[in-house]
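In: Have a look; sequence and predicted model below, questions after that.
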Amino acid sequence: MEDRVYNFSAGPSQMPLEVLKKAQEEMLCYPGAGCSVMEMSHRSDAFDSIIDGAEECLRDIMKIPDDYAVLFMQGGATTQFSMVAMNLAKQGDTMCYIQTGQFSTKAKEEGDRWGNAVYVASSKDGNYSYIPEVTKLPEDAKFLHMTGNNTIYGTTFYKVPEHGDIPLAADWSSAILGRWIDVKDYDLIYAGAQKNMGPAGLAVVIMKKKLLELTVDPVVPIMLRYKVAADNRSMYNTPPTFSIYMAKLMFEWVKGHGGVEAMEEMNKEKAALLYDFIDGSKLYKNPVKPCDRSIMNVTFTLPTEEDTKAFIKLCEERGIINIKGHRSVGGCRASIYNGMPEEGVRHLVETMKEFELTR
Ligand SMILES: *Cc1c(COP(=O)(O)O)cnc(C)c1O
């Protein structure tokens, strides 16, 4: 246990010790089941209560209205890039995307394979350091896609973009449960679990039930149809049972610690510790437009590549790992999801101060 470090990875990320301990307690024998969750049939009563319990708790903490379906999917958030296009549009249809970084670009690339995907706003000109404004949408667009929190660049939407009558689909992978997201503002939300909801292997989709009635092109594979997932309670085939169980423990942990609102307060405080320190420092810089700064992923740069390397090395000596920025942008990044305690962030700030004194 003393070996555990502060893990600032963008994902898979550090999880609350309480959650890991609970999983450890139930690891060999899930209460009443006579076996572990990993060995359990997904058609058993025990697993039924796990998946139903996960959905119920998520509905509770995110206040998900009854006219929205909750789906537990495989293939990570990346599979959703294509599922959104294939389920909300027909081949050749127009689909709109807001380009705010690498994930939104990848999402649009899937749209390109399916039909007429267009960017309606982009911050590529500023190396994705801000959130662009959407001014006009093509009337025939089948949906508008946005990446709510940009994990690599450390930017986030604080305002829901104007989208008229066009359905809004949002990738909230790196901020779901870390910040209050009003489900009613969206037609579809998806998120990979490994940032803020548990281990990898699971993606959660929250979507208006009305969208399940759209006619889906016959070429779309069975496993890539939302309706199939919804009609089969996310168990058309064997779901990622252990990841769903862990997500349930994470949802219960969030609920037990005051809910998403309390998480947001805690995350704002954690982020402020870092941003305030960076803004007052001569060595570290944050490239993001202040009003668009993420409270989940805090990016910062040092003057030279050599400084960055030396800083990362000191971090490792101080029990801080995965602080290196994404390979496409360089610099450093601290991902401070729900599982990162404030003391971890304080320890990082102390280490940043210590390093600054050596320069
Ligand atoms: C991590 C991430 C993804 C990719 O998730 P996978 O589960 O690896 O497919 C997509 N979008 C965002 C915003 C992410 O943070």
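Out: Looks like it arrived, so ask away. Here the structure is a predicted model, which means the values were calculated and not measured.

In: And the next helix or strand past the helix or strand K309 falls within?
Out: According to DSSP states H and E, K309 maps onto helix 305-317. With elements assigned by DSSP H and E, the helix or strand that comes after helix 305-317 is strand 320-321.

In: Could you list every helix and strand in contact with the helix or strand just after that following strand?
Out: Following strand 320-321 in sequence order, the next helix or strand is strand 332-335 (DSSP H and E). On a contact count with 3 or more Cβ pairs under 8 Å, 6 or more residues apart in numbering; DSSP states H and E, strand 332-335 meets strand 297-300, helix 305-317. Any C-beta I mention is one placed from the backbone N, CA and C, and that applies to glycine too.

In: any idea how far the spatially most central residue of the chain is from the ligand?
Out: Ranked by distance to the mean C-alpha position of the chain (Cα atoms, centre = their mean), the top residue is S173 at 1.6 Å. According to Cβ to the nearest ligand atom, to the nearest Å, S173 stands 4 Å off from the ligand.

In: Report the contact partners of that residue.
Out: S173 is in contact with 11, 77, 103, 149, 151, 190-192, 195, counting by Cβ atoms under 8 Å, 6 or more residues apart in numbering.

In: from the residues you listed, which are also near the ligand?
Out: With the criterion set as Cβ under 6 Å from any ligand atom, the members of the contacts of S173 near the ligand are 11, 77, 103, 151, 192, 195.

In: So which of the residues you listed sit within helices?
Out: For those, membership in helices holds for 77, 103, with DSSP state H as the criterion.

In: Report the separation between P132 and S36.
Out: 47 Å (Cβ to Cβ, to the nearest Å).

In: Check M250 too.
Out: Taken as Cβ to Cβ, the span from M250 to S36 is 18 Å.

In: now do P240
Out: P240 is 15 Å from S36, by Cβ to Cβ.

In: which of the two has more neighbours?
Out: P240 (22 against 15; other Cβ atoms under 10 Å).

In: so who does the residue nearest to the more buried one when sequence neighbours are not counted touch?
Out: What sits nearest to P240 in space, not counting adjacent residues and going by Cβ to Cβ, 6 or more residues apart in numbering, is G201, at 4.2 Å. Residues in contact with G201, defined by Cβ under 8 Å, 6+ apart, are 74, 76, 193-194, 240, 242-243.

In: Return the nearest residue of the protein with respect to the ligand.
Out: G76 (2.6 Å; Cβ to the nearest ligand atom).
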